[in-house]
Structures are given as C-alpha cells and as structure tokens.
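>>> I would like to see how this sequence folds:
(one chain, ligands or ions: 1)
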Amino acid sequence: MADITVIGTGYVGLVVAIGLADFGNQVIGVDIDFDKIAMLNEGRSPIYEKGIEDYLQRNLESGRLSFTRDVANSIRDSKLVFLAVGTPSREDGSADISRLLDVVDTVADHADAYTVLVIKSTVPVGTNQALRARIASRRPDADIDVVSNPEFLREGRALEDFFHPDRTVIGTDSKRARDAMENTYRALKLISMPFVWCSPQTAELIKYASNAFLATKITFINQMANLADALGADIHQVAKTMGMDGRISPKFLHPGPGYGGSCLPKDTRAVLHTADTHGVDMSLIRTVIRANDEQQKRVITILRDMVGELKGLTVAVLGLSYKSETDDVRESASLTLVSALLDAGASVRAHDPKGSGNFRKIMPETRCFSGLYEAIEGADAVVLMTEWNEYRALNLGIAAKKMRGRVILDTRNLLDPVAVWDRGFIYRGFGRGKGS
Ligand code: NAD
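As a prediction, this is how the structure comes out:
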C-alpha cells in the first residue's frame, strides 16, 4: 500500500521516488526492467549518482520505499502516480511519448479512486491536454487529474537538486490536484523553496525553454572559445569577466567538446520540431543544434591538426560520460570522437571513472581500461573529454613515461598549459590559443 507510485526508475524516477520517500511518504517505484528492480530491492543503485545508495538503503530499511514491476497493483492504492519514463527523440526530432502513453493507459484502466497523474517526463507542449482527452475517452468514469511537474535536476547533483530545487514548477487547472501536490511537496514549502503554479502548457514550455536556453549558452561560449583560439585570447578570462555581469551569470560558460546527455540534444530537437509544426521559425535553436554537432566534430579536426594522419595511431580518450559525476553517456561527445577515431583507423584506449559500462553498451568495440594510467599506456595522443577531477590531477611525469607520443588535447581546459608545455608535451586546450 503506497501513497505514491513512481513509474520509471531511471535517472529521474529513482531520485524522485527516493526523495518523496525521504519526505515521509510511502512510495513504490515501478519499472519494466527486471534487473533494475532486483538491484533496487537489494539496496543497490543501477545508476551512479553521488550519495544515492545511502538514501536508497535508508528508505528501504524504513519500509517507506519498495520497488516492483507490477504497475496495476501499485497504482490501485496510490493517490499520486508520478510518470518518469523516457521520452527519446524520434528520427524526425520529435519526442517519442509512446512509453508514456502505454503507462497512462494502464493507469486509466486500474485507478480505482481519485488519482493525480504527475508528468515528470519532458513532454511536448500540449501533451497534458492530450492525455486528459485520452483518459476521458478510454475510461469516462475515471477520476484522474493530469498535472505537469517538469524535472530540472542535474545528474551528478540530483539529490541535492531534489531537496533544494531552484524552483518547483507545477502546471494544473485543478484545485484538488493543486492541494494534493502542495501536500506532497510540503517539506519543500516548509524550507521556503520557490513554487511556480501555472497552466500545464506553460509548465511544459518552461522545461523546453530552459533547456533550449542552456544549450544556447553552452554553444555561445563554445563558439567564442573557437574565436579566442583563432585570436590568441584566453576564453577563461573572457567567460569569467562576462559572468561578473549579473545579467549574464558565470554558470554554463565553460567551453568544451559540445553538449551531450539525455536532455539538451533531444529537447532542443523536440522544441524545434514543435515550432516547425506550428509554423514558428526558431532559427536560433536550429543553429544551436547544428553548431553543437560541429563542435563535437571539431575535436577530431583539432586532433588531426596536432598529429596529422590518425591511421595507425593509438589515442587515449579520457572521459566517456557527457559530464563528470555521472555514468550517463547518452549523446556524449566521446561517442562522436571514438567512432570518428575508429573510422579513421586509429586504435582507441578509453577510460572513465563511472561511464565505461554504459559506453560499451552503445559501442561494444571500445577498449576500456579501469586504470587511467593503464589507458594512456603506449598512446600517441591523449584527449581529455570529461571534467572528472581525477583528470585535473593527471600526473604529467607518469603520463610522459607511459605515453609513446607527446600530444595532449584538453577539450575541457583541465590542465595548466604552462606545466604541460614544461614537460615537453604538445598541448591544446579549447579557447586558449593554438599552444606550442
Ligand atoms: P531513463 O531512461 O534513465 O529512465 C526511464 C526508465 O523508465 C527506465 O528505467 C525504463 O526501464 C523505465 N520504463 C520505460 N518504459 C516503462 C514502462 N512502460 N513502465 C515502467 N517503466 C518503464 O530516463 P531519465 O533520464 O530518467 O529521463 C526520464 C524523463 O525525464 C525523460 O523525459 C527526460 O527527458 C526527463 N528528464 C531527465 C533528466 C535527466 O537528467 N536525466 C532531467 C530532467 C528531465
């Protein structure tokens, strides 16, 4: 018997289930993935997220949290059902909400009493309205309110974001649903976390607008870094000083190999698709998407510039996840790089503190090493792709001994160029000039 069911226990759903249980609710997490459910019930997390296993075990032991594959039974007693299943891109860029529709149908079929269906997944604007119509025609007697409650957590800081969100956005026109949501999130209200109450379509658009803006900001600084390279200017000083302007803010002004992950690429494509469908020209977002693709490809272009012919070379790729502190490799720039290296006839030795397993699920041919210095053994070039702290502390003396060549391409500007040059390496960062 649970107050709340969370369907989909991935990066979002698991954090939501744990967080809501930690607030004192009885929560059941549901997933179709048998292995995930088995692991979770044993107190092991299928994803890497700082601190998550402690929270998971604590809430399992308290009896407030459990996991099952049985959707029908779990929702029967739940007043709230959170949906956090994936909404990946379709070929045409639109969001594929088929998993969500399947679950909504199951909820409509099995909800016995008044139920608030909370959409956590990122869904196209208008989905909430469409779901209400779908439920009404499938089961006219069902007493279900659909609420939009988009998620803004950052992987790597997901629990921190759950307990201290910048804002909680809730889109609903129903007073009953609003009361239920207020009650569920009362712990956040008590510590004065900001709430935004709005219509469902506004909530849906807030999510896409936020991600489209973040993608734009990253792309902006990446292109400025490319210009800084050409001009011999220092992008870090540029970004830091820009960030001192309160209108700009210093966050998301770090150049890199192009954004990746499970959100920004697919959400920019989806919002563009929505705009196209409605005859609205979003040329800015179209350009951002194209510029990001080019930025990901730029890594291999610069590497070629540094080493010449890639065929026959051994390249160590350090960092496979799309950012540090997560094992998520979806659409990571390293996927683009490794596949281009292999296509070019280079041999790849890869390392990531947490993401190797997921990376190999997508590119099983990748040789991943558990030790950083093992990965760079015999490498002609090292490419730093993810900002893990472990890489910031790269021991250049050991690297010099282990590597065959002397080339380091640092797409995240983790190393001190002077220290690297002093060791006799050929070094390039992003937006730090062409180096020596
Ligand atoms: P995910 O792939 O990690 O998790 C989805 C889970 O849903 C998986 O465990 C899958 O097995 C399960 N699932 C699929 N179909 C199911 C079904 N019919 N019944 C039960 N479980 C089912 O995805 P995610 O990264 O957690 O993202 C979920 C949603 O949240 C997406 O819409 C995403 O855009 C959005 N979102 C993600 C993040 C993020 O940082 N990952 C942040 C904000 C919003």
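>>> from the stretch 201-350 of the chain, which residue is nearest to the ligand?
Residue nearest to the ligand within the stretch 201-350 of the chain: Ser262 (4.6 Å; CB to the nearest ligand atom). All C-beta atoms are positioned from the backbone trio N, CA, C, and that covers glycine.
>>> my bad, should have said the stretch 151-300 of the chain
The nearest approach of the stretch 151-300 of the chain to the ligand comes at Glu151, 3.9 Å away (CB to the nearest ligand atom).
>>> Quick check: pLDDT value at that residue.
Predicted confidence (pLDDT) at Glu151: the value is 98.
>>> Need phi/psi at Val196.
When quoted as degrees, to the nearest 10, the phi and psi of Val196 stand at phi -120, psi 120.
>>> thinking it is in contact with Ile206, fair?
Yes: here Val196 reaches Ile206: they are 7.4 Å apart, a contact under CB atoms under 8 Å.
>>> So the residue of the stretch 201-350 of the chain closest to the ligand lies in a strand, does it not?
No: counting by DSSP: H, G, I helix; E, B strand; the rest coil, Ser262 falls outside a strand, being coil.
>>> doesn't Asp327 make contact with it?
No: the criterion here is CB under 8 Å, and Ser262 misses it with Asp327 at 11.8 Å.
>>> where's the residue nearest to the residue of the stretch 201-350 of the chain closest to the ligand when sequence neighbours are not counted, which helix or strand?
Setting aside the residues directly before and after it, Ser262 is nearest to Arg330 in space (CB to CB, 6 or more residues apart in numbering), at 4.3 Å. In this assignment (DSSP states H and E), Arg330 forms part of neither any helix nor any strand.
>>> so what's Arg330 up against?
By CB atoms under 8 Å, 6 or more residues apart in numbering, the contact list for Arg330 reads Gly260, Gly261, Ser262, Tyr322.
>>> how deep is the second one tucked in, by neighbour count?
Gly261 is flanked by 22 other residues according to other CB atoms under 10 Å.
>>> Check Leu335 too.
19.
>>> got the contact list for it?
Residues counted as contacts of Leu335 (CB under 8 Å, 6+ apart) are Gly260, Val329, Phe359, Ile362, Met363.
>>> Can you flag the buried ones in those?
Buried members of those, counted by 16 or more other CB atoms under 10 Å: Gly260, Val329, Phe359, Met363.
>>> and the third one, that's in a strand?
It refers to Phe359. No: using three-state DSSP, the assignment for Phe359 is helix, not a strand.
>>> which residue lies farthest from the center of the protein?
Asp141 (38.1 Å; CA atoms, centre = their mean).
>>> Under a three-state scheme, what state does that one occupy?
Applying three-state DSSP: Asp141 is coil.
>>> among the contacts of Arg330, which one has the lowest pLDDT?
Per-residue pLDDT puts Ser262 lowest of those, at 94.
>>> how far away is it from Lys79?
Ser262 is 29 Å from Lys79, where distance means CB to CB, to the nearest Å.
>>> Compare neighbour counts for the two and give me the winner.
Ser262 (22 against 18).
>>> mind listing what the more buried one touches?
The contact partners of Ser262, taken as CB under 8 Å, 6+ apart, are Tyr11, Gly86, Asp328, Arg330, Glu331.
>>> ok, the last one touching Gly258?
Translated: Glu331. No: judged on CB under 8 Å, Glu331 makes no contact with Gly258 at a distance of 9.4 Å.
>>> So for these two, which sits in the more crowded spot?
Gly258 (26 against 21).
>>> wouldn't that one be in contact with Asp293 here?
Yes: Gly258 is in contact with Asp293 according to CB under 8 Å; the separation is 7.4 Å.
>>> Kindly provide the distance from the residue of the stretch 151-300 of the chain closest to the ligand to Pro194.
For Glu151 relative to Pro194 (CB to CB), the value is 16 Å.
>>> Of those two, give the one with the bigger neighbour count.
Comparing Glu151 with Pro194 by other CB under 10 Å, the one with more neighbours is Glu151, at 23 against 11.
>>> Perfect, I'm done here.
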